[in-house]
Each structure stands twice: as structure tokens, then as C-alpha cells.
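>>> Quick check, what structure comes out for this input:
(one chain, ligands or ions: 1)
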Amino acid sequence: GYYGKFGGAFIPEMLHRNVEELKENYINIMAESSFQEEYQQLLRDYVGRPTPLFLAERLNLNHTGAHKINNAIGQVLLAQRLGKKRIIAETGAGQHGVATATVCALKGIECIVYMGVKDIERQAPNVARMKMLGATVIPAASGSQTLKDATNEAIRDWINNPNDTHYVIGSVVGPHPYPDMVARFQSVISEEMRWQLKEKTGSELPTHVVACVGGGSNAAGAFYHFLDDPRVRLIAVEAAGHGIDSGMSAATTQLGKPGILHGSKSLVMQTEDGQVTEPHSISAGLDYPGIGPLHAHLFDSGRGTFLSATDNEALEAAFELSKLEGIIPALESSHALAALKQLKLSSKDTVVLCLSGRGDKDLATYMKAMKK
Ligand SMILES: Cc1ncc(COP(=O)(O)O)c(/C=N/[C@H](C(=O)O)[C@@H](O)C(C)C)c1O
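The predicted model follows:
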């Protein structure tokens, strides 16, 4: 369960049994043909995959509007095979919450989503969707009432309900096996990239894959099948917020130090005495003081190139893509788009940009920016 020196499962004693049960079973269950049949069938007929590779842009026009559903389907199917009757999840941008609530509605299983009070405000359309889908949204009022507090509340719930509950973590974070399990579910993104690239360009290898990183699941999925091929440059884009040195940022590889967050050893934005510091990003999905251990290792080993984009650069990129291509991207994805300008690309390059989600959820923020 390690990526270099990062990863592991540093969890409260009371969670051991839950996490052990997952670790013992996830590979076998995912390898079962009945699991794969159901999983692939849902991705095809319910999510609407494969999503088109369009003009070297990777569009997730998936059902529920982002990549999160790939992971939510996998984990709910897994939870059912483990006999769980109750699903909990954390969410920040609300996409993961909506994806989990969607699959729970489809499978008729109870769904509770923890969400920071601040995020409930700025992603209101997704809160409405979760409620429409029959999920219970519980405001995380502890701490700074953002994503990390939603995650803490979900972990507290799981400790109190160890037997009948599965915690669907929304990104490649948390104790082993979550980072590996979520990356496997998201790997469908690079699988589709490869064969669509082959069809369109004759080669299944791009020169660059670019993706935004909050916890890092859409990037893990986009990078997955290219990790070991140095011919493919992996470009991870973090949220610089008001700027790396502004004190209002979420660029964890630039500002973080090795530490433990939510059960995983990775890079964490923290004070001298190891208290997690409050991150900032205009996008809820990247507003996270940690990063998945896979990405900490990609950064530490130099295999990945870590760029960042500020709030304003992301906004600009969102307006530009909307006007130039008729696609309104999620604020998170707009960070990946903004970073393209920082790459010295040549016409020989094949760049695949992973657009992790649609901008429907961010229209209020876009409209506010337009008024300025
Ligand atoms: C459209 C979109 N793009 C990217 C992200 C960043 O999450 P990763 O792909 O896991 O880095 C997100 C993250 N969304 C989560 C959520 O919807 O709850 C996030 O806020 C938390 C799970 C971290 C997203 O919604």
C-alpha cells in the first residue's frame, strides 16, 4: 500500500477492522467476472462511457457531470458484495456526493453525505441534486467547515457504524487500499484515452497528459496506463488560489510537508507543529490541504510535473473554453486548462487534457466573475 515512501494506513485503532476487511477483499471482488460485468455494463449504459476524446480534449460528459461516478459505482457494488446496508461519503464540490447518491438511488441503498457548511453554500445545485436523489446531506459544522471537516465527520460516522456501513471515499486519498482501489476505478479514463488516441492519431501514446489535482483521482485515472512510460509526460495541476505565496492557496506539493492526513502518509499543508492549515481555492474540488500518496510520490520522484493555476487563471480559462469550444468546464478542470499555457508545446505534441467535469455546478461563481 505504498507509493515510494507515501501511502500506508495510519488510522485510529477503531477503524482497523473496517479497513482490513476492505484490504482483504477488494482485489478478489473486483476480479470476479460478475463484478466486472455489472461494473462495465453500468459504465456503458448508465454513465454513458466511453466519453468522447474531442480535439485532444478529454470530456467527461458523464451522467452526473464528472469522473466521480466511475469510482462511486465501483465502491457501491463492492459494498453490496461485502453485505453493507448503509453508504456514507464526504464531498466538497458535491460531484462525489451526487455520484454516490446517484448510484445509491439506483441500487436502493441508504446514502448519507457529509459536506462542509461553506461548500453547501458554494455548490448549492449539487446539494439540491443529492436531496432529489434521496440522500441525506449532513453539514459538517466542526473545524473550518470545509472538505477536511466533512471527511473527519465521515470517519467519525464510520467508527460509530463499523458493521453495516461502507465509507465511499471520493478520491485517491485515505488509508490503503483506498488510493489503489479508487485509482483502479478511475483508470477507465486512460484506458479510453489509449484506444481513442490510437483511432484518431495512430499512436496510443500522447506526449503529455494534463489533469487537475485535488485529492488526485481524475489525474490518477488519466495517468494510470502511462505511469511507467517516460515518453508520456504527466502534468498535474494544483490550485494556487490567490498565489502560492499568498497564504491563500491549495498547492500542496509546493506548500506541504510529509505528514499524515485522513489515514495516509503524504504531503500535507501544515503548521510547524503539524496542524493542518486551511487551504484556499475558488474551486471546492481542489480546496484540499492534502494530496493522494500516488501524487506525492510522482512529485517526490520527479516522474510528474507539478504546475499550478490561480483562481483568476482558472476563471479566464473557463471563459475561453466556453467561447472557443462551446464547452463550459468545471472550475477544477479549468485549472488544468489554464496550465496548458505554461507548457512549451510544439506542433508535434499530442496533449490529452482531462476535463474532469462540467461547469453547471459553478455557474453562480462564473456569473459573479462576469459582473466584475
Ligand atoms: C469536477 C471535479 N474535478 C476535479 C475534482 C478534484 O478531485 P480529484 O479528481 O480527486 O483530484 C473534483 C473533486 N470533487 C470532490 C467532490 O465533488 O466532492 C472533492 O470536492 C472531494 C472529494 C475532494 C471535482 O468535483
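
>>> that's a helix at M181, yeah?
Yes. The assignment for M181 by DSSP: H, G, I helix; E, B strand; the rest coil puts it in a helix.

>>> tell me the contacts of it?
The neighbours of M181, taking C-beta atoms under 8 Å, 6 or more residues apart in numbering as the test, are L22, Y26, M30, G74, Q75, L78. To be clear about C-beta, it is placed using only N, CA and C from the backbone, and glycine gets the same treatment.

>>> In the residues you listed, find the pair that's most separated.
L22 and G74 (12.2 Å; C-beta to C-beta).

>>> max-length strand in this structure?
Ranked by residue count, the top strand of the chain under DSSP state E comes out as strand 233-241.

>>> sorry, back to before: okay, L22 and G74: which has more neighbours?
G74 (25 against 21; other C-beta atoms under 10 Å).

>>> nearest spatial neighbour of that one, skipping sequence neighbours?
For G74, ignoring the flanking residues on the chain, the nearest one in space by C-beta to C-beta, 6 or more residues apart in numbering is F185 at 3.8 Å.

>>> residue nearest the centroid of this structure?
S217 (3.8 Å; C-alpha atoms, centre = their mean).

>>> and that one, what is it in contact with?
H67, K68, N71, G170, S171, V172, V182, A183, Q186, G292.

>>> run the last query once more with 6 Å
Counting by C-beta atoms under 6 Å, 6 or more residues apart in numbering, S217 touches S171, V172, V182, Q186.

>>> okay, these in TSV with distance to A364 next?
TSV is the format used below for the contacts of S217 (distance: C-beta to C-beta, whole Å):
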residue	distance to A364
S171	24
V172	28
V182	29
Q186	28
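
>>> about what we covered before: can you report phi and psi for the residue nearest to the centre of the chain?
phi -80, psi -40 (degrees, to the nearest 10).

>>> How about K84?
According to degrees, to the nearest 10, K84 has phi -80, psi 150.

>>> List the residues that contact it.
Here K84 is in contact with H166 (criterion: C-beta under 6 Å, 6+ apart).

>>> Distance of it relative to the ligand?
Distance, K84 to the ligand, by C-beta to the nearest ligand atom, to the nearest Å: 20 Å.

>>> Per-residue pLDDT of that residue, please?
pLDDT for K84: 98.

>>> just R122 next, same as before
83.

>>> ok, and the closest non-adjacent residue to it?
A284 (5.9 Å).

>>> So that neighbour sits against A93, correct?
Yes. Under the criterion of C-beta atoms under 6 Å, A284 makes contact with A93 at 4.0 Å.

>>> hey, what's in contact with both of the two?
Q123.

>>> Let me see the contact set for R231.
L205.

>>> How is it assigned, secondary-structure-wise?
Once three-state DSSP is applied, R231 turns out coil.

>>> Could I get the contacting residues of I29?
F35, L78, R81.

>>> Which one of these is nearest to Q254?
Nearest member of the contacts of I29 to Q254, counting by C-beta to C-beta, is L78, at 34.5 Å.

>>> separation between that closest one and the ligand?
Applying C-beta to the nearest ligand atom to L78 and the ligand gives a distance of 18 Å.

>>> Could you do T100 as well?
Note on T100: its distance to the ligand, by C-beta to the nearest ligand atom, is 9 Å.

>>> ditto for V268
Taking C-beta to the nearest ligand atom, one finds V268 at 14 Å from the ligand.

>>> what do you get for K323?
According to C-beta to the nearest ligand atom, K323 and the ligand sit 20 Å apart.

>>> Going by secondary structure, that residue is in what exactly?
In this structure, K323 is located in helix 311-325 according to DSSP states H and E.

>>> on that earlier part again, from the contacts of I29, which land in strands?
The strands, defined by DSSP E, take in nothing from these.

>>> Rebuild these as JSON lines, extending it with neighbour count and pLDDT.
JSON lines is the format used below for these (neighbours: other C-beta atoms under 10 Å; pLDDT from 0 to 100):
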{"residue": "F35", "neighbour count": "17", "pLDDT": "98"}
{"residue": "L78", "neighbour count": "21", "pLDDT": "98"}
{"residue": "R81", "neighbour count": "17", "pLDDT": "97"}
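
>>> Those in helices, which ones?
Among the contacts of I29, the members found in helices (DSSP state H) are F35, L78, R81.

>>> where does this protein have its least confident helix or strand?
Ranked by mean pLDDT, DSSP states H and E, the weakest helix or strand in the chain is strand 57-59, scoring a mean of 41.

>>> excluding its backbone neighbours, what's nearest the residue in the stretch 51-200 of the chain that the ligand sits nearest to?
Closest residue of the stretch 51-200 of the chain to the ligand, C-beta to the nearest ligand atom: G92 (2.6 Å). Among residues not flanking G92 along the chain, L147 sits closest, at 3.6 Å (C-beta to C-beta, 6+ apart).
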